[in-house]
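Novice: Here you go, sequence then predicted model.
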Amino acid sequence: MCGIIGYTGPLDSKKILIDGLSQLEYRGYDSAGIALFMENSHIRLVRHIGKVSNLKEECKKITTVSHCGLGHTRWATHGGVTTQNTHPHQAGRVTLVHNGIIENYHQLTLDFHLEGKLRSETDSEVAAWVLESIYQGDPVEAISKFTSYLKGSYSFCVMFEDHPGEIYAIRNVSPLVVAYTRSGSFVASDLTALIPYTRQYFVVPEDHIVKLTSYKVHLYNLKRQEEVPELMEVNWNMDAAMKNGFPHFMLKEIHEQPEALKNTILPRLVKGLPDFGDDGIPDTVLKQCRQVHIVACGTAMHAGMVARALMEPLLRIPVMVSIASEFRYEEPLIDDKTLVIIISQSGETIDTLAALRLAKAFGASTLSVVNVKGSTIARESDYVFYTHAGPEIAVASTKAYSVQLAALYMVCCRMALVRGNYSHEEAEDFIKKLLDAIPAMEAMIEKRDEVKALVTHLINKPDAFFIGRGLDYAFSLEGALKLKEISYIHAEACAAGELKHGTIALITDQVPVIAIATQEKVFSKTISNIREVKARGGFVILLTKERTKVEPGIADAQVSIPEIGDKFTVFPIAVVLQLIAYYASVGKDLDVDQPRNLAKSVTVE
């Protein structure tokens, strides 16, 4: 969740670290700091709570140029938001930054007699003192031994006072990427911090140590044997990580969804049918499974809910959706005849990764839907479906959600085809309607001012409800999440038919209710539920299709999406729900791209 940047080379490390931390702000954080190797081999710390801009102002006092350093943005886990808890941490000759959680930090405090040495409340400082206690002059040897004491997830970047100009790194679960260029060597928790300097990088393998110098990078396993890293190349340019004239990344990324869908769908079409030959996903794994189990968190889990509502009636096999953080503890009924679909934008979500490993232990086939090449989930899955959204900077997911849906729709179509649920003609028609969703999304983006006008009915309300049936209910879940995470309005999604079993008690005069009614077979039922809301004085915003006939007075406001097949309405509806949340946040003058307490990539449990 936190951000890491490290640099050693001929350039000004202070500037590179501050710029890198600015690129990583979207990950979510509450404090930031840097450590700089100075000319006399002294390591200088500068730490500040709040925004990177605060740290930048503090760093203006440093006039001496440094050529090696570490930077970190912290999202508090152990200990509150204080300067002492801010990274980097120093312990004798050791200075480090850390992402992840050391689960046995309290026992390590006792085992290494650290009680009187600690100046912070963090597990990270405990780790620094443990490494200092072990260190005898050889960094690689010390780090290799150090990790044998640790339980939990981590990525560490370390500087040793007696090894000026060198950075050492190791990871377990928490991601790290490394690059070497003519301008020096770089390490970061996310590619966005490296893109200004290079397009080539490698993902640090788990349980491997990297040594960075200004002129070379070395990769070692824990037996201290040097290995050759597997280089990869970024397939998007720096413009994709810039606002390009938009006031917020979220609005830019909403606009990028049609293009992201094209990039994800079109390369996988052969003669109008989905084909995963280039992805290495064989038809046998789609044909022979007896059930599908989808595992994800947050927005990705909501994409899974839509997929379940689509797949199960079509494929006529059980399709389950589990929250990744619960999956390991619910004793899931999976076996070697189960296809487990893992969804993660970053490919590093720790709960989702743990679920993947459990599924593999049960012998299930695993297919991951991820956006980041070389990510841990991608590398550990049996099969990978890469989405092509490019970087998503805003914490609230938009285009990552829509391309996850596109991927799941294509998988569903291919499964229906190879299992005999669809003829070639039916599969071709499915794909044609999926492609029709792209101009439908574009049409809703053009209606953004119409959506903005609706938001005046939301921004001063403490609560809002989203209702729908079937697929519409699955859409509602994501709408409620978007609204609450960036506008801080309490929002709840409810299956419309369940209103009278409890939730309707909360509907009073002028309570906003966003009703989604795009599914023909349950449309009249949803309208009846809307009538129940209106009878209690609720303010109803209706989302439906253009040609749908609705009696006057059913809704207080209405937004219509283009005519499109019922199975595919999620794509234009997603745009509307995202814009509602976006304009609610803007209307309340909140930080749209970096909402409080949230992080983009959740790499701690």
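Specialist: That came through, no problem. Numbering: from 1, shown residues only.
Novice: which stretches of the stretch 101-250 of the chain form strands?
Specialist: Taking DSSP state E, counting those that start in this stretch as the criterion, the stretch 101-250 of the chain carries its strands at 152-160, 167-172, 177-181, 184-188, 200-203, 208-212, 217-221, 226-227, 232-233.
Novice: between those, which gets nearest to Asn85?
Specialist: Ranking these by their distance to Asn85 (criterion: C-beta to C-beta) puts strand 152-160 first, at 16.7 Å. Where C-beta positions appear, they are placed from N, C-alpha and C, glycine not excepted.
Novice: Walk me through which strands that closest one pairs with, and which way each runs.
Specialist: Strand 152-160 has the following sheet partners, assigned by DSSP bridges: strand 94-102 (antiparallel), strand 167-172 (antiparallel).
Novice: how close does Val295 get to Val395?
Specialist: Val295 sits 22 Å away from Val395, taking C-beta to C-beta, to the nearest Å as the criterion.
Novice: quick one, which of these two is more surrounded?
Specialist: Val295 (32 against 23; other C-beta atoms under 10 Å).
Novice: Pull the distance from stretch 538-552 to the chain's centre.
Specialist: Relative to its chain's centre, stretch 538-552 lies at 33 Å (C-alpha atoms, centre = their mean, to the nearest Å).
Novice: List the buried residues in it.
Specialist: Gly538, Phe539, Val540, Ile541, Leu542, Leu543, Thr544, Lys545, Thr548 (16 or more other C-beta atoms under 10 Å).
Novice: what residues go with each domain of this structure?
Specialist: Here the domain parsing of the chain from automatic domain parsing is 3-234, 244-443, 447-590.
Novice: can you pull out the helices in the stretch 501-605 of the chain?
Specialist: 523-535, 570-587 (DSSP state H, counting those that start in this stretch).
Novice: and the last one, what's its mean pLDDT?
Specialist: When pLDDT is averaged along helix 570-587, the result is 95.
Novice: do the same with the shortest one
Specialist: For helix 523-535, the per-residue pLDDT values average out at 85.
Novice: which residues sit in contact with the closest residue in space to Gly497 that isn't next to it in sequence?
Specialist: Nearest residue to Gly497, sequence neighbours excluded (C-beta to C-beta, 6 or more residues apart in numbering): Arg469, at 6.1 Å. Arg469 is in contact with Ala495, Ala496, Gly497, Gln519, Val522, Lys525, Thr526, Asn529, counting by C-beta atoms under 8 Å, 6 or more residues apart in numbering.
Novice: what does Thr503 give?
Specialist: So Thr503 contacts Phe465, Glu492, Cys494 (C-beta under 8 Å, 6+ apart).
Novice: quick one: which of those sit in strands?
Specialist: Phe465, Glu492, Cys494 (DSSP state E).
Novice: And these, which is closest to His163?
Specialist: Glu492 (54.4 Å).
Novice: just checking, the closest one touches Ser476?
Specialist: No. Look at Glu492 against Ser476 with C-beta atoms under 8 Å: they stay out of range, at 9.2 Å.
Novice: Looking at these two, which one has more neighbours?
Specialist: Neighbour count, other C-beta under 10 Å: between Glu492 and Ser476, Ser476 has more, with 29 against 16.
Novice: Alpha carbons only: can I get the helix or strand in which the more buried one is found in CSV?
Specialist: Secondary structure from DSSP states H and E places Ser476 in helix 471-487. Below are the C-alpha coordinates for helix 471-487, written out as CSV (Å, rounded to 0.1, in the frame of the first residue of the first chain):
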residue,chain,number,x,y,z
LEU,A,471,-27.6,-8.0,-13.1
ASP,A,472,-28.8,-4.6,-12.1
TYR,A,473,-28.2,-5.5,-8.4
ALA,A,474,-24.7,-6.6,-9.3
PHE,A,475,-24.2,-3.2,-10.9
SER,A,476,-25.6,-1.5,-7.8
LEU,A,477,-22.9,-2.9,-5.5
GLU,A,478,-20.2,-1.1,-7.5
GLY,A,479,-22.2,2.1,-7.6
ALA,A,480,-22.6,2.2,-3.8
LEU,A,481,-18.9,1.5,-3.3
LYS,A,482,-17.8,4.3,-5.7
LEU,A,483,-20.0,6.8,-4.0
LYS,A,484,-19.0,6.0,-0.5
GLU,A,485,-15.2,5.8,-1.2
ILE,A,486,-14.8,9.2,-2.8
SER,A,487,-17.7,11.3,-1.6
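Novice: Would you mark the buried spots in that helix?
Specialist: So, applying 16+ other C-beta under 10 Å, buried residues of helix 471-487: 471-487.
Novice: what's the answer for stretch 200-215, then?
Specialist: 201-206, 208-214.
Novice: Quick one: low-confidence residue ranges for the stretch 151-300 of the chain.
Specialist: 235-242 (pLDDT under 70).
Novice: what about the helices in it?
Specialist: 249-255, 257-265, 283-288, 298-315.
Novice: can you give me the angle the last one makes with helix 471-487?
Specialist: The reference is to helix 298-315. 170 degrees (axes from the mean of the first three to the mean of the last three C-alpha atoms, to 10 degrees).
Novice: list the helices and strands helix 298-315 packs on?
Specialist: strand 291-296, strand 319-323, strand 338-344, helix 399-418, helix 471-487 (3 or more C-beta pairs under 8 Å, 6 or more residues apart in numbering; DSSP states H and E).
Novice: Show the subsequent helix or strand relative to the second one.
Specialist: Going down the chain from strand 319-323, the next helix or strand is helix 324-327, by DSSP H and E.
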